[in-house]
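K.L.:
Give me a 3D structure for the following:
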Amino acid sequence: MENRMEIKNGGSGRPMRRVADSAVTQTQIVLSSHINGAGRLFGGQLMEWIDIVAGVVARRHSHCNQTTASVDNLQFREAVHLNDTLILLGKITYVGNTSMEVQVDTYAEALNGDRKLVNTAFFVMVALDENDQPTQVPGLILETGEEKASWEAGKRRNDLRRQRRIENY
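P.N.:
Residues are numbered from 1 along each chain as shown. Next up, the predicted model:
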């Protein structure tokens, strides 16, 4: 029997999935077609890769097609250059009824394996049924202290998003 710290959304009759069940790692080598005129990675290219990772995480968690509803906190902390290796790590941090928050951390990896954080982004993905209508997503099983902390932070971000919608911000 697995040692589970906490189960969120349990008792609702919906299926439950672990964070690890949908985690994604994507690796990219930055090619000349990804570089802007200043010799750095196009921000839009990184956004595309992050969106794909978030979509795969959401698809694995929900077992449905999905759509990107919003993106929080796309800040570039490190420059990325030609021939750099990028590692994108995606995981579910919070789930609502039809939506999922996905965190994608992007690292530039040196040839010696050292990594520098380039970006952390939070995506809200909505699961879609066969008619492209929002559909319920599985609950989330939290197994570690880190997953529980990510859930609580995701809940706060979700509350902030809700408040922004109310205020038309």
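K.L.:
For this structure, give me the ranges with low pLDDT.
P.N.:
By pLDDT under 70, the low-scoring segments of the chain are 1-12.
K.L.:
And the strands in it?
P.N.:
6-7, 16-18, 24-29, 65-72, 85-95, 99-109, 115-128, 139-142 (DSSP state E).
K.L.:
The closest residue to residue 98 other than its chain neighbours: what's it in contact with?
P.N.:
Counting by C-beta to C-beta, 6 or more residues apart in numbering, the nearest residue to residue 98 once its immediate chain neighbours are dropped is residue 134, at 3.9 Å. The way it works is simple: take the backbone N, C-alpha and C, and place the C-beta from them, glycine included. Taking C-beta atoms under 8 Å, 6 or more residues apart in numbering, we find residue 134 in contact with 98-99, 126-128.
K.L.:
Most neighbours among those residues, please name it.
P.N.:
Within the contacts of residue 134, residue 127 tops the neighbour count with 24 neighbours, counted by other C-beta atoms under 10 Å.
K.L.:
Residue 60 is in contact with that residue, correct?
P.N.:
No. Contact criterion C-beta atoms under 8 Å: residue 127 and residue 60 do not qualify, at 11.3 Å.
K.L.:
one step back: could you dump the strands of the chain into a markdown table and include distance to residue 149?
P.N.:
Below are the strands of the chain laid out as a markdown table (distance: least, C-beta to C-beta, whole Å):
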| stretch | distance to residue 149 |
| --- | --- |
| strand 6-7 | 11 |
| strand 16-18 | 16 |
| strand 24-29 | 20 |
| strand 65-72 | 17 |
| strand 85-95 | 9 |
| strand 99-109 | 12 |
| strand 115-128 | 14 |
| strand 139-142 | 9 |
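K.L.:
farthest-separated two in the contacts of residue 134?
P.N.:
Spatial extent of the contacts of residue 134 (C-beta to C-beta) is set by the pair 99 and 128 at 11.1 Å.
K.L.:
Regarding this structure, what is its longest helix?
P.N.:
The helix that spans the most residues within the chain, counting by DSSP state H, is helix 145-166.
K.L.:
who does it touch, helix- and strand-wise?
P.N.:
Helix 145-166 makes packing contacts with strand 65-72, strand 85-95, strand 99-109, strand 115-128, strand 139-142 when contacts are defined by 3 or more C-beta pairs under 8 Å, 6 or more residues apart in numbering; DSSP states H and E.
K.L.:
Near the closest residue to residue 40 other than its chain neighbours, how many other residues are there?
P.N.:
In space, residue 40 comes closest to residue 79 once its chain neighbours are excluded; the distance is 5.0 Å by C-beta to C-beta, 6+ apart. Neighbour count of residue 79, defined by other C-beta under 10 Å: 13.
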